[in-house]
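J.: Curious how this folds, go ahead:
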Amino acid sequence: MFFVRSSALVSTASQGLFSVIIHIGAHLRSVLAPVAVLMLAVVLSGCNEEHPDNKPGAVNNPYPTVSLGGVGEVQQPALGASRMYTLQLELSRAAPAVGSVRLRSVNGTALGGEHFAPLDRVVNFAEGERLVSTAIEILDGGAAANGGSFTVSVVSGVNLDINGSSALNHQITITPRPQQPDTGVEPEPVVANLQLPSELSLRAPRASRGSVEYPIVFTLDAPTASAGSVTLQSVDGSAEADTHFTTLNETIAVPAGAQEVAFAITLLHDANQSSNLEFSILAVRSENISLPSERSVPVTVVNSNDELATPSLALPSLTELYAPPAGSRDYQLLMALSAPASQAGSVQVRSQELTAQAGVHFQSVDNEITFAAGATEILLPVTVNHVNNETEVVAFAVQLSAPVNVQLPSTQQFNITIQPSANTEVVPELQLPAVINVPEPREAVGAVEYEFWLALSQPASKDGSVVVRTFAGSALAGINYTAIENQRIEFAAGDDIVRVPLEVLYEGGLLEAKELQLQFSHAENVLLPASRSFAVAIGGADSELPSVSIDTELEVVRPPEGVNSTITVVLPLTPAAILPGELRLVVNQGSALFGRDITAIPSAVTFARGDREVAITFTLVGSFATADRTFSLVFTEASNAILPISFSERQINVTIVAPE
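T.: Below is the predicted model of the structure:
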């Protein structure tokens, strides 16, 4: 906005000077004409110069922050051998100019020169780059297979915002190599297998964006034993190169020790697109990496031109499940909608045996799954069972049919494989929607913090985290939202969601939704899908977060001795909830004591999208007491809801009275 104002000032000055020139007296024209022309040329050439605010590092074109992520792990190589560990450096935005970052290793329990080659290196990046990498040599550590850990730190940078960067250290753990009996025979190197998703579903950009770049990662089933490469090409279908997507023909280098193949798919806006289109990504050839028999990944380009179109359903990103070591294990597989549902709908889901048997390897499914208006995904519950002495990979199919207010994908059946049970812990996958819509805050509010609840495929077995950052689209940081610069979002063991906050700002005058991307990387104890970002669409203020109505006084009757009673308190939400959320509360004991008079009061209560009330339940303990006893429920925080401003309006004063 500052640049626009500055341009207007330059334009006004130019016009004023030109007016002076063309109105000079005729008797001076012959004398001053050459001077006037020169002055006009100077002014006009000044208008064509780049504005200082747009130069690299200036306010409109700032230098990016840099992130090393959190932790990494690599296995100690065999005695006498070494392997390379790939360290990725992510920039928060495309570099406006060439630059560099200096890295240095810091000893921990792993020592430089013994467990790893000491590092003091400058890594360069080019203009426009967002991701650069460097390789660190991991040594055998001598005869003792003891492993250890060390840290790589950012020391300095050129054309970087080091002060604004928050993830400047990367800890690398070297796990001890397994002890192998010396047979005198050199083992065959393990060739990593490329694992491809069954499909990708990506939303076409709106007209206001023009194009959108989706970061994509294909995984390998094991770290590469040596450096290799994979060549990927796009193949036209109903979607055409350079009309709906940018042609892809790229050989991607894969360093030794890496377990990912990272690239990007760029989709283009086509005003004439009226339906979903498809093309494919083909793995053409590879070096030191084994390709699967099916080397093509279909890509659906979801139409975004028609705001009223029925949303499309995408297949789940997670289709390989692990049987438990005993009993059964429940999964929640997310199928994303291409846009929030404008009205409630449903889809029929039915399982079909292949090599896996219903009732033995998995629990059969044959039911209707419904979704509410505003929903961004459907969760498919799947239960797999432990089978004694099962050593084979088995599979079953899931069929989709009878859609109501949703379009099914072109492939209406997908297979789920079940790996044999193992003693290792199963890591959940973070499952992402395609888009989440939120309203712009009202002018009187100015800013609203939303919290997005992103589903895990199953509850986490360990504490974990993932790095999140924002990328501007038609929505701009500082104008429509507050940027997230490589923020590490944590979750606890037992959690089944990851909560990502985003502050949205008031701009005003939005005639159509503005979008940004949330991108995920550097995951710990959680898997990421192949497509690692989703869109947030900021629309007009036709809806808003609900306010919580709280009656501050409540009188309940004490049950008799030996009898407990359950009390339910209902708090209205106005309007209905636009996102799932939570109210957190504490108990202030008065004359009523926890355990003697009251029990089972939750520390938080949740609500779902579309809910118009929140219910809180607690238990009254019966007694012969005749005196009134009191306590308070105090609501401290709210996620995706608005509590009253004053403390007195946030609490419910409860009086327990004796029966009459």
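J.: Which residues does the most centrally placed residue in the chain form beta bridges with?
T.: The chain has residue 520 as the residue nearest its centroid, 4.4 Å off, counting by CA atoms, centre = their mean. For residue 520, the beta-bridge partners are residue 468 (DSSP bridges).
J.: list the contacts for it?
T.: Residues near residue 520 by CB atoms under 8 Å, 6 or more residues apart in numbering: 430, 432, 466-468, 528, 532-533. C-beta here means a position set from N, CA and C on the backbone, and glycine is covered the same way.
J.: Please tell me how far it sits from residue 651.
T.: Using CB to CB, to the nearest Å, residue 520 is found at 38 Å from residue 651.
J.: and what of residue 207?
T.: Counting by CB to CB, the gap from residue 207 to residue 651 is 49 Å.
J.: Who has more neighbours out of the two?
T.: residue 651 (20 against 12; other CB atoms under 10 Å).
J.: Leaving aside the residues adjacent along the chain, what's closest to the more buried one?
T.: Nearest in space to residue 651, with sequence neighbours left out and distances taken as CB to CB, 6 or more residues apart in numbering, is residue 634 at 4.4 Å.
J.: same check, this time on residue 478
T.: Nearest non-adjacent residue to residue 478 (CB to CB, 6+ apart): residue 505, at 7.7 Å.
J.: partners of that neighbour in the sheet?
T.: With DSSP bridges as the rule, residue 505 is bridged to residue 447.
J.: these two touch, right, it and residue 447?
T.: Yes. The pair residue 505 / residue 447 is scored as a contact, 5.2 Å apart, by CB atoms under 8 Å.
J.: Which one's more surrounded, those two?
T.: Of the pair residue 505 and residue 447, residue 505 is the one with more neighbours under other CB under 10 Å, namely 19 against 11.
J.: and the more buried one, what is it in contact with?
T.: So residue 505 contacts 441, 446-447, 478-482 (CB under 8 Å, 6+ apart).
J.: Recalculate using a threshold of 7 Å.
T.: By CB atoms under 7 Å, 6 or more residues apart in numbering, the contact set of residue 505 is 441, 447, 479-482.
J.: Now, the residues you listed that are in strands?
T.: residue 447 (DSSP state E).
J.: hmm, back to that, pick out the most distant pair among the contacts of residue 520.
T.: 432 and 467 (14.2 Å; CB to CB).
J.: got any ranges where the stretch 101-250 of the chain has weak pLDDT?
T.: For the stretch 101-250 of the chain, the stretches with pLDDT under 70 are 144, 179-189.
J.: Number of residues surrounding residue 624?
T.: 9.
J.: Can you list phi and psi of the residue nearest to it when sequence neighbours are not counted for me?
T.: Of all residues not flanking residue 624 in the chain, residue 561 sits nearest, at 5.0 Å (CB to CB, 6+ apart). Reported as degrees, to the nearest 10, the phi and psi values for residue 561 are phi -50, psi 130.
J.: how close does residue 561 get to residue 589?
T.: In this view, residue 561 and residue 589 are 21 Å apart by CB to CB.
J.: quick one: which of those two has more around it?
T.: Neighbours per residue, other CB under 10 Å: of residue 561 and residue 589, the larger number sits with residue 589, 15 against 10.
J.: pLDDT at the nearest residue to that one once chain neighbours are set aside, what is it?
T.: Counting by CB to CB, 6+ apart, residue 589 lies nearest to residue 631, which is 5.3 Å off, once chain neighbours are set aside. Looking at residue 631, its pLDDT stands at 97.
J.: give me the beta-bridge partners of residue 634?
T.: residue 586, residue 651.
J.: Sorry, slip of the keys, the one I care about is residue 320.
T.: Residues in beta-bridge contact with residue 320 (DSSP bridges): residue 417.
J.: what number of residues lie near it?
T.: By the criterion of other CB under 10 Å, residue 320 has 13 neighbours.
J.: ok, now residue 489?
T.: With other CB under 10 Å as criterion, residue 489 counts 17.
J.: what's near enough to touch it?
T.: By CB under 7 Å, 6+ apart, residue 489 lies in contact with 465-466, 468, 498, 500.
J.: let's see it at 8 Å
T.: Per CB under 8 Å, 6+ apart, neighbours of residue 489: 465-468, 498-500.
J.: From those residues, list just the buried residues.
T.: 465-468, 498, 500 (16 or more other CB atoms under 10 Å).
J.: Please identify which of the residues you listed is nearest to residue 298.
T.: residue 466 (26.9 Å).
J.: Could you verify my assumption that the closest one touches residue 522?
T.: Yes. With contact defined as CB under 8 Å, residue 466 counts as touching residue 522 (6.8 Å).
J.: how near is the residue nearest to the centre of the chain to residue 218?
T.: For residue 520, the distance to residue 218 (CB to CB) stands at 16 Å.
J.: Same check on residue 643?
T.: Distance, residue 643 to residue 218, using CB to CB: 45 Å.
J.: One more: residue 381?
T.: For residue 381, the distance to residue 218 - CB to CB - is 27 Å.
J.: Would you mind telling me which of those two has the busier surroundings?
T.: When neighbours are counted by other CB under 10 Å, residue 218 comes out ahead of the other of residue 381 and residue 218, with 19 against 13.
J.: Give me the below-cutoff pLDDT ranges for the stretch 501-650 of the chain.
T.: For the stretch 501-650 of the chain, applying pLDDT under 70 flags the ranges 540-542.
J.: how about the helices in it?
T.: Assigned by DSSP state H, counting those that start in this stretch, the helices in the stretch 501-650 of the chain number zero.
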